[in-house]
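Trainee: just coords:
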């Protein structure tokens, strides 16, 4: 499912507008099937600022994780010039926004904008390696860590609540898998890095690295 | 040059006297001090022959609260483009509070100077007149050499500061917005005479212990700080800093007896210049950016 945000205007700014647009997006998504990946498409949006993002996108991600809604928002064609605004909102709210170049399923490659603590990164990376897993399987796969299945399950649940993992139920087991095959952290997505999470170390911003093509969408 | 710099001097007796005919923010502060000391102001005001946008607006804010203590600006000033433009607006924060209201400007043709009252009953994102005003500002900035991105940043900064005033100020009269563009420079001022930044932040328990205006301004400049009870928002100043950082900008925030000034080289809220002028109602924001570093570096405030 794709929601084209340019219908709200090519300048998405201000908290009042953000609040209204959030309500309109919720209306659109009221009937969405549980577990659906929803692309919030910024194509043709010239600029977007933190106030709007906080009110519209920040709230939408929280709303999406509520059990009665349960969909998976992904930002596509996000304006490169405003990634710093997205990062600010992510840091304040401790959210992690998946950003992709192409609004199409299956979702191949995303970049995560926002903080993700060490434990969650390890969990996500391991899950990408395995494709899909339960908490017990992660514990068996990484015995050296000494982390118990319950702790792995908690991490998986936290990543799921952040809308970075999908899950399916098999009997009493919850099997988790990442929303995309390739995931870059902090904007660095190396070509052919399937199964890897790479972390930016330059501190120069998300798209300084020439390899960060994942967000630079052909328009 | 002394016209722009020499707002107030101190003589050997320690008393202030004024040597300037230029109404800048520095002079407005000096006029406030003189008024506090009981000095006559009519002569000083009477000899003014030029104004800056922030100086004009801050003086009007002063007069709103104490019209009997601060003289009217002389009619001779009304020939200036800035004052002529402000005269178009009927507002208690402007130069006239009676007569006909300014007719809405529908055209997007650019103007070098313009003032507008923020709507009181309409959200900014739905107000066509405000939208056109912002568009004209952005277009005018582009015409004097600003890149598209820089003009968008300034538009966004203007929008955010205006929305802040509309939402948080609780101003008894509509906040006043003005811009001036020309000569590789674009500047805007957003002014209200509401409760001010300190009272606004103190309205939420988290910041109830704040007591100093200048600290409240500094705090408000940090991302994520807001007086909204739900804690959401507080990103508006980032738009201002972006415009400032990339465009050799200058900034002035004045509220209560606090004043923060910054320029494009010191972008952290804890590295700004703090001043403690005499109190003024509300919150006055002035932002000035240059299209390039060769633009004439006058003191626009």
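Mentor: Nice, I can see it. The model shown is predicted, which means the values in this text are computed figures rather than measured ones. Residues are numbered from 1 along each chain as shown, chains lettered A, B, ... in the order given.
Trainee: can you list the residues of chain A near chain B?
Mentor: A:11, A:13-17, A:20, A:46-47, A:49-51, A:53-55, A:58-59, A:81, A:84-85, A:88-89, A:92 (Cβ under 8 Å from any Cβ of the partner chain). Yep, even glycine has a C-beta here, placed from its N, CA and C like the rest.
Trainee: Quick check: pLDDT value at residue 100.
Mentor: No chain was given, so I picked chain A. As predicted, residue A:100 sits at a pLDDT of 91.
Trainee: my bad, chain B
Mentor: Note on residue B:100: pLDDT of 84.
Trainee: follow-up on the earlier one: just the ones in helices from the residues of chain A next to chain B, please.
Mentor: Using DSSP state H, the subset of those located in helices is A:15-17, A:20, A:50-51, A:53, A:59, A:84-85, A:88-89, A:92.
Trainee: So how do I select the buried members of these in ChimeraX?
Mentor: Buried subset of those, written as a ChimeraX selection, criterion 16 or more other Cβ atoms under 10 Å in any protein chain shown:
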select /A:15,16,17,20,50,51,53,59,85,88,89,92
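Trainee: Now flag whichever of the ones in helices among the residues of chain A next to chain B is closest to chain B.
Mentor: Set against chain B, the nearest of these by Cβ to the nearest Cβ is residue A:50 (2.9 Å).
Trainee: would you list every one of the strands in the stretch 101-250 of chain B?
Mentor: Listed in chain order, the strands of the stretch 101-250 of chain B (DSSP state E, counting those that start in this stretch) span B:113-117, B:176-182, B:185-192, B:250-256.
Trainee: Between strand B:176-182 and the longest one, find me the angle.
Mentor: Angular relation of strand B:185-192 and strand B:176-182 on a 0 to 180 degree scale: 170 degrees, by axes from the mean of the first three to the mean of the last three Cα atoms, to 10 degrees.
Trainee: What ranges does chain B have for its helices?
Mentor: B:2-5, B:25-36, B:42-46, B:53-65, B:81-87, B:128-143, B:148-168, B:196-202, B:213-220, B:236-246.
Trainee: So what are the sheet partners of the helix or strand that contains residue A:75 and their directions?
Mentor: In the assignment (DSSP states H and E), residue A:75 maps to strand A:72-76. Sheet pairing of strand A:72-76 (DSSP bridges) gives strand A:37-41 (parallel), strand A:97-100 (parallel).
Trainee: Not counting its own residues, what contacts the shortest one?
Mentor: Among residues not part of strand A:97-100, those counted as contacts by Cβ atoms under 8 Å, 6 or more residues apart in numbering or on different chains are A:39, A:57, A:61, A:73-76, A:78, A:83, A:86, A:90, A:107, A:109-114, A:163-164, A:179-180, A:183, A:214-215.
Trainee: Just after it, pick out the following helix or strand.
Mentor: Where DSSP H and E defines the elements, the next helix or strand beyond strand A:97-100 is strand A:109-113.
Trainee: chain center to that following strand, what's the gap?
Mentor: On the basis of Cα atoms, centre = their mean, to the nearest Å, strand A:109-113 sits 6 Å off its chain's mean C-alpha point.
Trainee: elements contacting it?
Mentor: Contact analysis of strand A:109-113 by 3 or more Cβ pairs under 8 Å, 6 or more residues apart in numbering or on different chains; DSSP states H and E lists helix A:83-93, strand A:97-100, strand A:182-185 as its packing neighbours.
Trainee: Please name the strands paired to that strand in the sheet, noting orientation.
Mentor: Going by DSSP bridges, the partners of strand A:109-113 are strand A:97-100 (antiparallel), strand A:182-185 (parallel).
Trainee: got the angle for it vs helix A:83-93?
Mentor: 60 degrees.
Trainee: Tell me which helix or strand comes right after strand A:109-113.
Mentor: Counting by DSSP H and E, what follows strand A:109-113 is helix A:118-130.
Trainee: Check which residues of the helix or strand that that following helix is followed by are buried.
Mentor: Per DSSP H and E, the first helix or strand lying C-terminal to helix A:118-130 is helix A:135-141. Neighbour counts over helix A:135-141 (16+ other Cβ under 10 Å) mark A:135, A:137-139 as buried.
Trainee: residue contacts, residue A:149?
Mentor: Taking Cβ under 8 Å, 6+ apart, one finds A:134-136, A:138-139 in contact with residue A:149.
Trainee: Count the neighbours of residue B:157 for me.
Mentor: Neighbours of residue B:157 under the rule other Cβ atoms under 10 Å in any protein chain shown: 29.
Trainee: That one against residue B:235, yeah?
Mentor: No - taking Cβ atoms under 8 Å as the definition, residue B:157 is not a contact partner of residue B:235, at 11.7 Å.
Trainee: what residues are up against the residue in the stretch 151-300 of chain B that chain A sits nearest to?
Mentor: Residue nearest to chain A within the stretch 151-300 of chain B (Cβ to the nearest Cβ): residue B:235, separated by 2.9 Å. In this structure, residue B:235 makes contact with A:49-51, A:53-54, A:85, A:88-89, A:92, B:160, B:223-224, judged by Cβ under 8 Å, 6+ apart.
Trainee: 7 Å - rerun?
Mentor: By Cβ atoms under 7 Å, 6 or more residues apart in numbering or on different chains, the contact list for residue B:235 reads A:49-51, A:54, A:85, A:88-89, B:223.
Trainee: Could you report the pLDDT at the closest residue to residue A:135 other than its chain neighbours?
Mentor: Sequence neighbours aside, residue A:153 is the residue nearest to residue A:135 in space, at 3.3 Å (criterion: Cβ to Cβ, 6 or more residues apart in numbering or on different chains). Note on residue A:153: pLDDT of 94.
Trainee: Going along the chain from the helix or strand containing residue A:153, find the next helix or strand for me.
Mentor: Taking DSSP H and E as the definition, residue A:153 sits inside helix A:149-161. Going down the chain from helix A:149-161, the next helix or strand is strand A:165-170, by DSSP H and E.
Trainee: May I have the strands that pair with that next one, each with its orientation?
Mentor: Strand A:165-170 is paired, per DSSP bridges, with strand A:173-178 (antiparallel).
Trainee: And the average pLDDT for the partner strand is what?
Mentor: Averaged over strand A:173-178, pLDDT sits at 92.
Trainee: buried ones in that strand?
Mentor: Buried residues in strand A:173-178, counted by 16+ other Cβ under 10 Å: A:174, A:176-178.
Trainee: follow-up on the earlier one: just give me the neighbour total for the residue nearest to residue A:135.
Mentor: 17.
Trainee: same thing with the one 10 residues further on?
Mentor: One way to gauge burial is a neighbour count; for residue A:163, by other Cβ under 10 Å, it gives 24.
Trainee: if I pick the nearest residue to it once chain neighbours are set aside, what's in contact with it?
Mentor: Nearest residue to residue A:163 in three dimensions, chain neighbours excluded: residue A:72, at 5.0 Å (Cβ to Cβ, 6+ apart). Contact partners of residue A:72, counting by Cβ under 7 Å, 6+ apart, are A:36-38, A:64, A:163, A:166, A:179.
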